[in-house]
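Participant: Have a look; sequence and predicted model below, questions after that.
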Amino acid sequence: AKQCGRDTVRRFSKELNVALLQKIELIKDLRQAITNKEFYLVYQPIVNRKGVVTKFEALIRWQHPEKGLIAPDQFIRFAEESGQIVQIGAWVIEEAKYALQKIRQAYGRDIQISVNVSPIQLSNHQGNTCDFLSSLLTTFCEPEQGKNGLVVEITEHLLMNLDESTRSALLGFREKGIQVALDDFGTGYSSLAYIMNYDIDYLKIDKTFVQKLDDESSSISLCEAIISMAHKLNMSVIAEGVETEEQLDLLIEYGCDYLQGYYFSKPILLGEALTYCQDKQLK
Ligand code: C2E
Ligand code: CA
Ligand code: CA
Ligand code: CA
């Protein structure tokens, strides 16, 4: 039994080392990724209750020269740990700005682009906060751009660990006409007090809840409650991960304002986004 335990420990520490080495290697590879142009963005349509596209969410992809396509869940947290997310995030904003111009030419000026922003980008830890924020704000606040087309998606986690600079960043968004969406809503522990303090424009119901809508009554009442609460607080609701007609019907019934998911479209390249059929009306 003792031998067996020791083997388990050995195997465990070996696995840990493998994970650690992989992480170190990824962080090393991330250094070249921007200069080698290995990142690109894909865009997922967000539709209103009539099925009309009103926004696109920008999602990053990493085409690694040897490892192939790497999903953000596999590298964003490492980029956050190493601080590289600051540089990557700045690239995302630049790219999103370019995409917004193209998308507006195709869809009109009311369309928006929604960008995921890591807490690290908004907080003070790296000392780069002002750079990021000022570049973000100037990027999206040129007078000729008219109505601001940017939605910043943040996570609940951010609201609970607010430092002074993040707080003022969030308040600054409002002045500049940038909208804020609270991502992954329902997975964290944010209280209503946090949300009410920061003038959040959208709550995004996490896909784990949307996907249980078909069969779990607890999920049904949760979605219903989130939507009615959000509306009472003057926020709109975006449901993510909508895959089936059944989920769609329930969300529409409960008054959900915007919908996003494979039912409508997977995230697509900019060229495809520009021609994505925008009049796919709901019945
Ligand atoms: P998220 O912001 O919650 O994005 C939604 C994720 O759900 C995306 O995964 C999207 O492709 C996926 N999704 C959309 N519709 C469906 C559906 O109907 N079914 C299923 N099963 N999945 C769906 P993705 O693109 O792999 O991104 C994962 C996470 O990585 C994002 O979660 C976000 O937290 C992060 N991320 C992506 N791009 C960026 C970025 O540019 N910056 C930062 N900081 N984080 C990013
Ligand atoms: Ca998001
Ligand atoms: Ca989510
Ligand atoms: Ca997420």
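Facilitator: Done, it's in. Ligands and ions are numbered 1, 2, ... in the order given.
Participant: Quick check: which ranges of the stretch 51-200 of the chain have low pLDDT?
Facilitator: Along the stretch 51-200 of the chain, the model assigns pLDDT under 70 to residues 124-135, 137-139, 141-147, 189-192.
Participant: Name the residues of it found near ligand 1, please.
Facilitator: Within the stretch 51-200 of the chain, the positions near ligand 1 by C-beta under 6 Å from any ligand atom are L59, I60, A71, P72, D73, I76, V92, N116, S118, D183, D184. All C-beta spots, glycine's among them, are computed from the backbone N, C-alpha and C.
Participant: quick one, what contacts the first one?
Facilitator: When you say that, I think you mean L59. The neighbours of L59, taking C-beta atoms under 8 Å, 6 or more residues apart in numbering as the test, are L41, V42, Y43, Q44, P72, N116, P267.
Participant: The third one falls within a strand, correct?
Facilitator: Yes. Counting by DSSP: H, G, I helix; E, B strand; the rest coil, Y43 falls inside a strand.
Participant: which residue packs closest to L150, ignoring adjacent ones?
Facilitator: If the residues on either side of it in the chain are set aside, L150 comes closest to F140, at 4.4 Å by C-beta to C-beta, 6 or more residues apart in numbering.
Participant: hmm, back to that, write the ChimeraX selection for whichever of the residues of the stretch 51-200 of the chain next to ligand 1 are buried.
Facilitator: Restricted to the buried members of these, where burial is judged by 16 or more other C-beta atoms under 10 Å, the ChimeraX selection command reads as follows:
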select :59,60,76,92,116,118,183,184
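Participant: Next step: the residues of the stretch 51-200 of the chain next to ligand 1 restricted to strands.
Facilitator: Residues of those located in strands (DSSP state E): L59, I60, N116, D183, D184.
Participant: State the pair within those that is farthest apart.
Facilitator: Maximum pairwise distance in those, criterion C-beta to C-beta, is 16.4 Å, between I60 and D184.
Participant: how many other residues sit next to V42?
Facilitator: With neighbours defined by other C-beta atoms under 10 Å, the count for V42 comes to 17.
Participant: Quick one: the helices in the protein, in order.
Facilitator: 2-33, 76-82, 85-107, 119-122, 129-139, 156-160, 164-176, 192-197, 207-210, 217-232, 245-253, 270-275 (DSSP state H).
Participant: Could you single out the most deeply buried of the ones you listed?
Facilitator: When neighbours are counted by mean count of other C-beta atoms under 10 Å, the highest per-stretch mean among these falls to helix 119-122, a mean of 24.
Participant: Of the residues of the stretch 51-200 of the chain next to ligand 1, just say which sits nearest to R174.
Facilitator: D183 (17.9 Å).
Participant: So in terms of bridging, what pairs with that closest one?
Facilitator: When bridges are assigned using DSSP bridges, the partners listed for D183 are T155.
Participant: so it touches H157, yeah?
Facilitator: No. Contact criterion C-beta atoms under 8 Å: D183 and H157 do not qualify, at 9.6 Å.
Participant: Residue of the protein closest to ligand 3, please.
Facilitator: The nearest approach of the chain to ligand 3 comes at D184, 4.2 Å away (C-beta to the ion).
Participant: Distance check, that residue against T155.
Facilitator: Spatial separation of D184 from T155 under the definition C-beta to C-beta, to the nearest Å is 6 Å.
Participant: With G241 instead?
Facilitator: From G241 across to T155, the span is 16 Å (C-beta to C-beta).
Participant: likewise D206?
Facilitator: To T155, D206 is 10 Å away according to C-beta to C-beta.
Participant: F56 too?
Facilitator: Per C-beta to C-beta, F56 is found 20 Å from T155.
Participant: between these two, which one's more packed in?
Facilitator: For F56 and T155, the more surrounded residue by other C-beta under 10 Å is F56, and the numbers stand at 30 against 19.
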